[in-house]
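In: what follows is a predicted structure for the sequence shown.
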Amino acid sequence: MQFKDERLIPIFEKIKNGGNINKQEALHILHSPFPLEVAFMARYVKLKKSQKKVYYVINKHINYTNICISRCRFCAYSKDAGDRDGYTLSLDEILKDIASAGKRLREVHIVGGLHPHLRFSYYTSMLENIKKNFPYVQIKAFTAVEIAHFANLYGMTFKQVLEELRNAGLDSMPGGGAEIFSERVRKKLFPRKIGYEQWSEIHRIAHSMNIPTNATMLFGHIETEEEVVEHLFKLRDLQDETGGFLCFIPLPFHPWNTIFEGKIKKATALKELKIIALSRIILNNFPHIKAYWIMLSPQVSQIALNFGADDMDGTICEERITHAAGAITPSGLKENTIRNLIKKSGFVPMERDALYHEYG
Ligand code: V47
Ligand code: SF4
């Protein structure tokens, strides 16, 4: 590769030698006037990790309640208790929903708002009943934010909460609630939500119990580029320490139906792609980078595969959080559509489960 951006040459040397880039180099990657050269470097890392494979899962998202005491300022999904648009799914509704997805379902992704009144048994019996009725399904559920909420509400330690949930059937945890690890932004956008200290403590405990987890980053709001880089470096250090992360998912902020509608525009596709590439390059110790098509669009996700992503999430069926914030993407995709998106980008579709076992 003949780099037109000469500042990328020493960066690529480091990447090829398996080294870690520094913060200045990370910022240069975001500023480089040659994004296709950045894509080339990220693709190099991707090919070394997962060759030409791109993973997807037959899954279903379940958002059990939109009632939430956190009311983050970027969230269009949550409601206050007592609001007439608030809802909480019953166990029966959840089980029917899962049954409707058919026997090839491999993963349920369960997250919800921080509900002030539900009993802990609502969550444990949800997991137990899912396992009992659908033993072939793996359960990826509850962000670190929900775990912290359960610990507060029910007077338990993080570890006790995780133990009870694991005994009830929890297989892995999603990466949400990380937002951006900046106290400055947290105070402005999500002051009632846990910050990096507690988020990382909960993931550390989960990893020590062999519960694998994911990590996310919400970008394209009021964060600075330095805060993006800082977030990624914190995750790289945490993964060096525990090794328990499976996948990183960058989430572009959707401003519609939030206080930022008309004030902040959604990130451009180019910015989304640069963030995917930067993530792949910095997080060289994460096995997977996800192009979350619900937020990126199927088309941008397809291009993201050439910017270092190696996972397309899955069929999803019905998504509520991003669609409340104005997403115009479909709410679910057929398996064949995902496979074709992957093939048409020149990659090999690989069905997986929540733990990345392959079903070639
Ligand atoms: O934590 C909320 C984000 C997250 C908005 O682990 C918004 O595999 C954009 O974490 N615009 C939940 N984003 C989604 C999530 C996730 C999704 C897919 C896969 C996985 C995984 C995790 O959604 C929240 C928050 O960061 N969010 N509001 C919004 N207006
Ligand atoms: Fe609640 Fe999650 Fe929305 Fe924040 S992002 S208000 S924690 S549902």
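Out: Sure thing, it's come through. Ligands and ions are numbered 1, 2, ... in the order given.
In: now Met41: how far from ligand 2?
Out: Taking CB to the nearest ligand atom, to the nearest Å as the criterion, Met41 is separated from ligand 2 by 33 Å. Just so you know, the C-beta spots here come from the backbone N, C-alpha and C atoms, and that holds for glycine as well.
In: and Lys187, by the same measure?
Out: Counting by CB to the nearest ligand atom, the gap between Lys187 and ligand 2 amounts to 15 Å.
In: what is the neighbour count of that residue?
Out: Around Lys187 there are 10 other residues, counting by other CB atoms under 10 Å.
In: now do the same for it: helix, strand or coil?
Out: helix (DSSP: H, G, I helix; E, B strand; the rest coil).
In: and the pLDDT for it?
Out: At Lys187 the predicted local distance difference test score is 98.
In: one more: Gly360?
Out: pLDDT at Gly360 comes out at 76.
In: tell me which element the nearest residue to it once chain neighbours are set aside is part of?
Out: In space, not counting the residues next to it along the chain, Gly360 is nearest to Met350; the distance is 6.4 Å by CB to CB, 6 or more residues apart in numbering. In this structure, Met350 sits in strand 348-351 according to DSSP states H and E.
In: residue of this protein closest to ligand 1, please.
Out: Of all residues in the chain, Gly176 sits closest to ligand 1, at 2.5 Å by CB to the nearest ligand atom.
In: got phi/psi on the closest residue to that residue other than its chain neighbours?
Out: Once flanking residues are discounted, Gly176 sits nearest to Thr143: 4.0 Å by CB to CB, 6+ apart. Note on Thr143: its backbone torsions stand at phi -80, psi 170 [degrees, to the nearest 10].
In: go on, Ile289?
Out: With angles defined as degrees, to the nearest 10, Ile289 shows backbone torsions of phi -120, psi 130.
In: next: Gln160.
Out: phi -60, psi -40.
In: same thing with Val300?
Out: phi -70, psi -30.
In: wait, it touches Leu270, no?
Out: No: when contacts are counted by CB atoms under 8 Å, Val300 is not listed as touching Leu270 (9.6 Å).
In: who has more neighbours out of these two?
Out: Each of Val300 and Leu270 has its neighbours counted (other CB under 10 Å); Val300 has more, 20 against 12.
In: nearest spatial neighbour of the more buried one, chain-adjacent residues omitted?
Out: Nearest residue to Val300 in three dimensions, chain neighbours excluded: Ala269, at 4.8 Å (CB to CB, 6+ apart).
In: what sits against that neighbour?
Out: By CB atoms under 8 Å, 6 or more residues apart in numbering, the contact list for Ala269 reads Leu296, Ser297, Val300, Ile303.
In: my guess is the second one contacts Thr322. True?
Out: No: counting by CB under 8 Å, Ser297 does not reach Thr322; the two are 10.9 Å apart.
In: name the residues contacting each of the two.
Out: Between them, Ser297 and Thr322 share the neighbouring residues Thr329, with contact defined by CB under 8 Å, 6+ apart.
In: quick check: the gap between the residue nearest to Gly176 and ligand 2.
Out: To ligand 2, Thr143 is 8 Å away according to CB to the nearest ligand atom.
In: equivalent analysis for Ile139, please.
Out: Distance check for Ile139 against ligand 2: by CB to the nearest ligand atom, it reads 19 Å.
In: which residue packs closest to the residue in the stretch 151-300 of the chain that ligand 2 sits nearest to, ignoring adjacent ones?
Out: Checking the stretch 151-300 of the chain residue by residue against ligand 2 with CB to the nearest ligand atom singles out Lys193 as nearest, at 5.7 Å. When the adjacent residues along the chain are set aside, Lys193 lies closest to Ser70, with 5.0 Å between them (CB to CB, 6+ apart).
In: wasn't that neighbour part of a helix?
Out: No: counting by three-state DSSP, one finds Ser70 to be coil, located in no helix.
In: pLDDT value on it, please?
Out: Model confidence at Ser70, expressed as pLDDT, equals 98.
In: can you pull the residues of the stretch 151-300 of the chain lying near ligand 2?
Out: Contact residues (CB under 6 Å from any ligand atom) of the stretch 151-300 of the chain with ligand 2: Lys193.
In: one step back: from memory the residue nearest to Gly176 sits against Gly175, does it?
Out: Yes: the pair Thr143 and Gly175 qualifies as a contact (CB under 8 Å) at a distance of 7.4 Å.
In: ok but Asn214 is inside a helix, no?
Out: No: with three-state DSSP as the criterion, Asn214 is strand rather than part of a helix.
In: what sits against it?
Out: Taking CB under 8 Å, 6+ apart as the definition of contact, the neighbours of Asn214 are Lys140, Ser172, Met173, Pro174, Gly175, Phe245, Leu246, Cys247, Phe248, Ile249, Lys290.
In: which of these has the most neighbours?
Out: With neighbours set by other CB under 10 Å, the maximum within those is found at Met173, which has 30 neighbours.
In: for it, name its beta-bridge partners.
Out: Note on Met173: beta-bridge partners Thr213, judged by DSSP bridges.
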